[in-house]
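Visitor: got a structure for you, letters missing:
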């Protein structure tokens, strides 16, 4: 990499900004062989022989894996446990949330709990390292070889060094040739338009620029040389800032000798002065073109790792503009990734079932019908099976699956129900098939169960339900609803009221319901239910 400071000289009242630097692109990355990416393991799937890889070829850890991450101390790794894994679509790469493990001595590392639990840190999967860790159950810690937590110094690649030197020499020659060709082309273009004097002055400036560039390269070569350069070359290189002054002096001398000077204070006309300055600075044009193209390419690359400063625009307003654009783009990408990560976590933890429980006649079926009407693509009712006869307006397969007592008993014997209960003279049950039919297309399953059904559902670890207790505003209000619908005999109404009292007592002492909803006014209760489900991650649709 060549380096330079900005030469400044004053001729008359003009300040000539000069080149601030020469740059070469970053060394090419080694192309590692890649295998086809494998998906993350889902719950219930068996482990595959090959570890899952992301599209770039990096191994994707699983939740709970112990990995090593770069430490804040140079030359060391920290030990961490994977807390969450997500795929970033915009970068086609995986990000991993990890929590740092704490050393407790003897090569043992544990994850503190409670208030000491470390925060999750997001790390690109490319920065993680694999490490063998053995879990010691009696210490609740992982045993590792701590020597693996230190970096191994890379060996010097002699061939790579020689290749780099050859590229450097080629770059120097190319810079000189390009500066001369571009300057000569511009001079030729100026000849028919501005005349021979301006064209010749511009070309003289080109020669001064090439000389300045050659001296700059000589000084850069001396920085890494084993032996110092000859004194004459070293002196000329250190005096390269005087090249523009020599150029203007030669132009002034030529005008004086040729009798073209208008006065002693104006030996170089402004047209000639600016032509010489432009010719001198023309050596920067190939550099700027190459660096600008590289910077634009850097900006267009999603997830580019090398900053613009490396091989891009190192200094100047143009470089500043490109860097600011890149930083703004990266900030927006990070914000989008963070939002994507939060959405992924929320989706991973969102309920898959909404369970409404409450006394008979409290309005569970009505609330479920309003939920399905609000979001039919996201929610669907699980049709329970029952031995009771259908009421007026009820349809088989829509409100309930109406079956005979014998058929219901056969389903119980076959293990087809997740839960079932005897309610009065009839049996009610929620079948595995009914829930699977709803969740097969990604919808959230709505369940209407009694207290016994809630107890049975809590024994099913594969479910992820949101439990809602629907309560009447009072026992008298519940009595009016049961008698008002005219579907039960008076003695059945009294049995249901007695059972409602015991169910309310259970709900008051039970801590397992996520929401207690008093259904005194249907619209108010539905709005409260909608808000609670949206907060839990269940999409219910926009409020009317």
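Guide: Great, that's in hand. In this text the structure is predicted, and so the values were computed from the model without any measurement.
Visitor: Tell me how this structure divides into domains.
Guide: Here the domain assignment for the chain is 10-27+157-282, 66-149, 289-347, 350-536, based on automatic domain parsing.
Visitor: Just give the nearest non-adjacent residue to residue 481, would you?
Guide: residue 361 (4.6 Å; Cβ to Cβ, 6 or more residues apart in numbering). All C-beta atoms are positioned from the backbone trio N, CA, C, and that covers glycine.
Visitor: what's near enough to touch that neighbour?
Guide: 472, 478, 481-482, 485, 496 (Cβ atoms under 8 Å, 6 or more residues apart in numbering).
Visitor: I'd guess it is in a strand, am I close?
Guide: No. Under DSSP: H, G, I helix; E, B strand; the rest coil, residue 361 falls outside any strand and is assigned coil.
Visitor: List the strands paired with the lengthiest strand in the chain, with their directions.
Guide: For the chain, the longest strand by residue count, based on DSSP state E, is strand 77-88. Applying DSSP bridges, strand 77-88 is found paired with strand 66-70 (antiparallel), strand 93-100 (antiparallel).
Visitor: thinking again about what came up before, and the contacts of residue 361, which two are furthest apart?
Guide: 472 and 485 (13.6 Å; Cβ to Cβ).
Visitor: How far does stretch 137-150 stretch from one end to the other?
Guide: 26 Å (Cα to Cα, to the nearest Å).
Visitor: residues of it that come out buried?
Guide: By 16 or more other Cβ atoms under 10 Å, the buried positions in stretch 137-150 come out as 141-142, 144, 149.
Visitor: same thing with stretch 397-408?
Guide: 399-403, 408.
Visitor: Provide a list of residue ranges in the stretch 101-250 of the chain with pLDDT below threshold.
Guide: Flagging of the stretch 101-250 of the chain using pLDDT under 70 yields the residue ranges 151-162, 164-165, 220-227.
Visitor: ok, now which ones touch residue 64?
Guide: Here residue 64 is in contact with 81-82 (criterion: Cβ under 8 Å, 6+ apart).
Visitor: That one and residue 81: what is the separation?
Guide: As judged by Cβ to Cβ, to the nearest Å, residue 64 and residue 81 stand 7 Å apart.
Visitor: likewise residue 496?
Guide: 52 Å.
Visitor: Now for residue 368: which residues touch it?
Guide: Counted by Cβ under 8 Å, 6+ apart, residue 368 has contacts 356, 381, 446, 448.
Visitor: Flag every buried residue along the helix or strand encompassing it.
Guide: Assigned by DSSP states H and E, residue 368 belongs to helix 364-374. Within helix 364-374, the residues that qualify as buried by neighbour count (16+ other Cβ under 10 Å) are 364, 367-368, 370-371, 374.
Visitor: my guess is residue 466 is in a strand, correct?
Guide: Yes. Residue 466: assigned to a strand according to three-state DSSP.
Visitor: what's around it, how many residues?
Guide: Around residue 466 sit 20 other residues, with neighbours defined as other Cβ atoms under 10 Å.
Visitor: Can you read off the pLDDT for it?
Guide: The pLDDT attached to residue 466 in the predicted structure is 92.
Visitor: on that earlier part again, what's downstream of the helix holding residue 368, the next helix or strand?
Guide: strand 379-381.
Visitor: mind listing what that next one pairs with, with the direction of each?
Guide: Applying DSSP bridges, one finds strand 379-381 paired with strand 444-449 (parallel).
Visitor: Which of the residues in the following helix or strand past the strand it pairs with are classified as buried?
Guide: The helix or strand immediately downstream of strand 444-449 is helix 451-457, counting by DSSP H and E. Buried positions in helix 451-457, judged by neighbour count with 16+ other Cβ under 10 Å: 451-457.
Visitor: what about the residue nearest to residue 473 when sequence neighbours are not counted, how many residues close to it?
Guide: Using Cβ to Cβ, 6+ apart and skipping residues adjacent in sequence, the residue nearest residue 473 is residue 520, 3.8 Å away. Neighbour count for residue 520, taken as other Cβ under 10 Å: 13.
Visitor: And residue 520, how far from residue 370?
Guide: 16 Å.
Visitor: follow-up on the earlier one: state the pLDDT value of the residue nearest to residue 473.
Guide: The model's pLDDT for residue 520 equals 88.
Visitor: quick one, what contacts the closest residue to residue 127 other than its chain neighbours?
Guide: Nearest non-adjacent residue to residue 127, counting by Cβ to Cβ, 6+ apart: residue 70, 6.0 Å away. Counting by Cβ under 8 Å, 6+ apart, residue 70 touches 77-78, 127.
Visitor: Save the residues you listed as TSV, and put in neighbour count too.
Guide: Below are those laid out as TSV (neighbours: other Cβ atoms under 10 Å):
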residue	neighbour count
77	19
78	18
127	12
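Visitor: Could I get those residues in a markdown table, plus columns for distance to residue 489?
Guide: Compiled in a markdown table, the contacts of residue 70 are given as follows (distance: Cβ to Cβ, whole Å):
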| residue | distance to residue 489 |
| --- | --- |
| 77 | 75 |
| 78 | 71 |
| 127 | 71 |
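Visitor: Distance of residue 429 relative to residue 463?
Guide: For residue 429, the distance to residue 463 - Cβ to Cβ - is 15 Å.
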